[in-house]
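Peer 1: got a structure for you, letters missing:
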């Protein structure tokens, strides 16, 4: 067990000591970026659990994230829901948010998994858009309408506490999902991705496996969603249900390598960093354009993502080693 | 052979990736705490692809260049850095963090729209960096400043009027022109669903009825994503009001264009932010004739005081692409930076924050129409200089903490709710295309109706 | 009520035109081209650039818009989609990113401000007591003309029959000597040209903004799914269902819920009859 987890432990150790270097001049801005990266990584892994493994490409992941975020924001923001004027503590609203993501997902999203391929993508996108519209239009005095709910309470303040919080969430999600992905359950899920009918024909109930993958995905999306909302301390429909967030999640997972958990995790950090890295060099829209170009080239030329690249590199080294052992050069 | 090529590509990409992540780390590590002789840093945050963002971005640069040329602040130069917030609240938060932590800026000038400003407000409370917000007038921002004053809200300043004060100005306009001069008494309140639109509408709704004796027949609120205004205008026409009071700031061209294309037979007034930009004529595809807009004072269509005129000249000499003429927030940013820098000079820098905020709250500046910073009666054709612009910030005990004081009494001379109108035919894009129709003392052109307004709908008195 | 009927009919015509190109590509190639709505947006800007900024006549504006969008569509197909016809996920994601790239490029070229395109036909007409803009009527007439032309092409020409054959039975069509690559390319070109016409009219009906593609994309989704992906007749019928529902919602309930009825119908159709109302 320890042996299998040793790379994770090393990664956790490295990430945990990073803030200790802040007094020595390690920039806090990088810590902040790592927080953003962690949340994107959580979302990407959550997407990967459902879509990367089973092949049901979800275009509505922000539905789960936004629903969780809105529930906790709505219950905990300063004015409370009125009347009566009740502001619930975060300890109550956070689990309620996650529960909402799971419940809403099971109620609306999961039944849609009856349809496959692009159809599922369309249904999930439709759910996201419908929720977006409903939040804007129905009782905007409660939901904040187009303007959203500003000034929410924070779970913890400051860069470094938030860093540890997001890191803890991220690693918990990553190791949990990674473990599932490498287990037999993960193998069945990947088999569903290849050919669902064949899996069904071999006597395995794909329904149960899909439900399990979906539940895991919804729980992690909900968890990420509630903490992310309180980290940003405001929520509004344009951000929660934007095509940009959706695209960030999908691109992270795709360029990281779908169905590998580790790939999407790396993809989340990579996207966050590349976008910030370009900021001083490319102005305004050029930066977003460059980002999109990088993404499309990755999708077209490296559909297997960084995970595939890493495998290539590993096999390259192995070939060299073998060759040098054989021929002595 | 192909496999080998792929493997090499893989190695190459991994190296590039590793560099991509490591380089900003290395770059950030060298930037420590600024030494005393290093320049001050001014961060600009805003949507750099919009007219609004570019207006204040450019005037910020002009102001900083001027201050640097005059010897800087307390003997140190000011360095300008910028971050694009786009119109996405999330990007706004990232941009604010970038300025605060990567560049460790001493003060921030923002040209963000409402949602984006509200998005980074929690970060402002955390970092407590002096911030000047030049576009949004959202009352929500001011409420946060008021309620969380000690928690860090005091670092925020708004060098223009907030939603409610603006609403008060529009009520004055409705009183003077629409009720008294035109004799109208019914209207439809027509506004966009943004913090700004709802804030002003709230004020106008509560005040215009009792204040001017104008009855609000109905309200039509539309989403900023609306693309088809036919049903919206059908609803308005069904109310059959004397005039439409329109409030929009984010998405102004589409409703205006639909108004012209549908030839709505009801006069339209109100706040139309796009109509105050020099590009409005072209953005409307040449259909802007007759449009009017109520605006805070710096607007096209008017002669300028020498200070603002100098700013415009510098602006036009330096930039020729859009916006060819700064929006009003450009003037806010320019004046506001001077307030911040002068306060810092008096307080000996931006730290400690309390001291700087105290000095900033003492800002009390009058711009004279003919003399600029000082009164020059000799330059005025009437022999008396006019108070033209007035800057003073509400203190912590006022509800509108740190937004600019509204001077409705006219004691200090702020022109109340100036209304400009586009002439029916385009002439020069900058000159004589627009004119001021209200208030009386600034009027330089007569109000004209667009041709499709029927005679009986025009003047009731 | 009259208003719902008239405006619904007009809006449906425009929707049908946009969704048409979308559905053709799916029918023949079995991939969803999410960049289609991006072509619509770029075509609108090209038309504005040619007629208003360059002062060219309207016909030239149309020609340029159609040329640009056709070029983009053919470029997308030849550029990479051709290689991924058996991997819909890659096409799905990459064309989505491509639409975003088009948005960024247009933002760089024309800024983010809303731009109004002068109407192609000026004026208003009263129909049954409802004001209707002549421009919209012209747009709908043009849409129907285009749709008619496409229907004629698909039914009566050799290439059109090849397209239908490919849509019905890919393997059989290839065995009987149809070059799928050529047919696909033609389909993409036609769909690009349709996007060009749609872009000009959509732009002059609404306004231009670089994010213009999002709403037409979502509406096209709903329409083609309800009608049955790949079915042209279904698309026509579904465009009218969605158009009327939408107009009714906007007029009777709330204009912010504009896209909801179409999407709800789409979900119901997908879960109850995944092939769509007219799909085979």
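Peer 2: Cool, the structure landed. From a predicted model like this one, the values you see are computed outputs, not experimental measurements. Numbers count the residues shown, from 1 in each chain, chains lettered A, B, ... in the order given.

Peer 1: you'd agree residue B:295 is up against residue B:276?
Peer 2: Yes: under the criterion of Cβ atoms under 8 Å, residue B:295 is in contact with residue B:276, at a separation of 4.9 Å. (C-beta placed from N, C-alpha, C; glycine too.)

Peer 1: Common neighbours of the two, please.
Peer 2: By Cβ atoms under 8 Å, 6 or more residues apart in numbering or on different chains, residue B:295 and residue B:276 have these common neighbours: B:328, B:420.

Peer 1: residues of stretch C:59-73 that come out buried?
Peer 2: Neighbour counts using 16 or more other Cβ atoms under 10 Å in any protein chain shown place C:61, C:62, C:63, C:64, C:65, C:66, C:68, C:69, C:70, C:72, C:73 of stretch C:59-73 among the buried residues.

Peer 1: Now for residue C:182, how many residues are close by?
Peer 2: With neighbours defined by other Cβ atoms under 10 Å in any protein chain shown, the count for residue C:182 comes to 11.

Peer 1: Surely it forms part of a strand?
Peer 2: No: using DSSP: H, G, I helix; E, B strand; the rest coil, the secondary structure at residue C:182 is helix, not a strand.

Peer 1: which residues are contacting stretch B:161-170?
Peer 2: Judged by Cβ under 8 Å, 6+ apart, the contacts made with stretch B:161-170 from elsewhere in the structure are B:137-139, B:141-142, B:195-196, B:199-200, B:202-204, B:207-208, B:245, B:270-271, B:294, B:296, B:400, B:403-404, B:406, B:408, B:416-417.

Peer 1: Any residues of the stretch 101-250 of chain C in contact with chain B? List them.
Peer 2: Within the stretch 101-250 of chain C, the positions adjacent to chain B are C:107-108, C:111-119, C:123-124, C:130-131, C:133, C:135, C:205-207, C:215, C:247, C:250 by Cβ under 8 Å from any Cβ of the partner chain.

Peer 1: same check, this time on the stretch 51-200 of chain A
Peer 2: Proximity of the stretch 51-200 of chain A to chain B is assessed by Cβ under 8 Å from any Cβ, with A:136, A:140, A:145-148, A:150-152, A:154, A:157-159 identified as the residues in range.

Peer 1: Give me every residue in the stretch 1-150 of chain A lying close to chain C.
Peer 2: Of all the residues in the stretch 1-150 of chain A, those lying near chain C are A:55, A:57, A:111-112, A:114-115, A:117-119, A:121-123, A:125-127, A:129-130, A:133-134, A:136-137, going by Cβ under 8 Å from any Cβ.

Peer 1: hmm, which of those residues are the buried ones?
Peer 2: Among the residues of the stretch 1-150 of chain A next to chain C, those buried by neighbour count (16+ other Cβ under 10 Å) are A:55, A:57, A:112, A:115, A:118-119, A:121-123, A:125-127, A:129-130, A:133, A:136-137.

Peer 1: Residue B:351 and residue A:171, how far apart?
Peer 2: Spatial separation of residue B:351 from residue A:171 under the definition Cβ to Cβ, to the nearest Å is 38 Å.

Peer 1: Looking at those two, which is more packed in?
Peer 2: Of the pair residue B:351 and residue A:171, residue A:171 is the one with more neighbours under other Cβ under 10 Å, namely 21 against 12.

Peer 1: Grab the nearest non-local neighbour of that one.
Peer 2: In space, not counting the residues next to it along the chain, residue A:171 is nearest to residue A:12; the distance is 5.6 Å by Cβ to Cβ, 6 or more residues apart in numbering or on different chains.

Peer 1: Is that neighbour within a helix or a strand, and which one?
Peer 2: When elements are assigned from DSSP states H and E, residue A:12 belongs to helix A:2-17.

Peer 1: quick one: is the helix or strand containing residue B:59 near chain A?
Peer 2: For residue B:59, the element it lies in under DSSP H and E is helix B:51-69. No: with Cβ under 8 Å from any Cβ as the threshold, helix B:51-69 lies outside contact range of chain A, at a closest distance of 8.6 Å.

Peer 1: which parts of that helix are buried?
Peer 2: B:51-64, B:67-68.

Peer 1: from the residues you listed, which two are the most distant?
Peer 2: Largest separation among these by Cβ to Cβ: B:51 and B:68, giving 26.0 Å.

Peer 1: any weak-confidence spans in the chain?
Peer 2: I'll assume chain A. Residues of chain A meeting the criterion pLDDT under 70: A:1-3, A:79-85, A:328-329.

Peer 1: You answered for a different chain; I wanted chain C.
Peer 2: Low-confidence segments of chain C, defined by pLDDT under 70, span residues C:280.

Peer 1: which one's the longest helix in the chain?
Peer 2: The chain I'm using is chain A. Residue-count comparison of every helix in chain A, with assignments taken from DSSP state H, identifies helix A:206-232 as the longest.

Peer 1: wrong one, chain C
Peer 2: If each helix of chain C is counted by residues according to DSSP H, the longest one is helix C:2-29.

Peer 1: OK, contacts around the residue of chain C most remote from its centre?
Peer 2: In chain C, residue C:175 marks the outermost C-alpha relative to the chain mean, sitting 31.4 Å out by Cα atoms, centre = their mean. When contacts are counted by Cβ under 8 Å, 6+ apart, residue C:175 touches no other residue.

Peer 1: Got phi/psi on it?
Peer 2: Backbone dihedrals for residue C:175, given as degrees, to the nearest 10, come out at phi -60, psi -40.

Peer 1: cool, residue B:180 as well?
Peer 2: The phi and psi torsions at residue B:180 (degrees, to the nearest 10) take the values phi -70, psi -50.

Peer 1: mind checking how far it is from residue C:55?
Peer 2: Residue B:180 sits 45 Å away from residue C:55, taking Cβ to Cβ as the criterion.

Peer 1: what does residue A:146 give?
Peer 2: Taking Cβ to Cβ as the measure, residue A:146 falls 38 Å from residue C:55.

Peer 1: For the two, indicate the residue with more neighbours.
Peer 2: Set side by side, residue A:146 and residue C:55 show unequal neighbour counts under other Cβ under 10 Å, the larger going to residue A:146 at 26 against 8.

Peer 1: pretty sure the more buried one contacts residue A:237?
Peer 2: Yes: under the criterion of Cβ under 8 Å, residue A:146 makes contact with residue A:237 at 6.6 Å.
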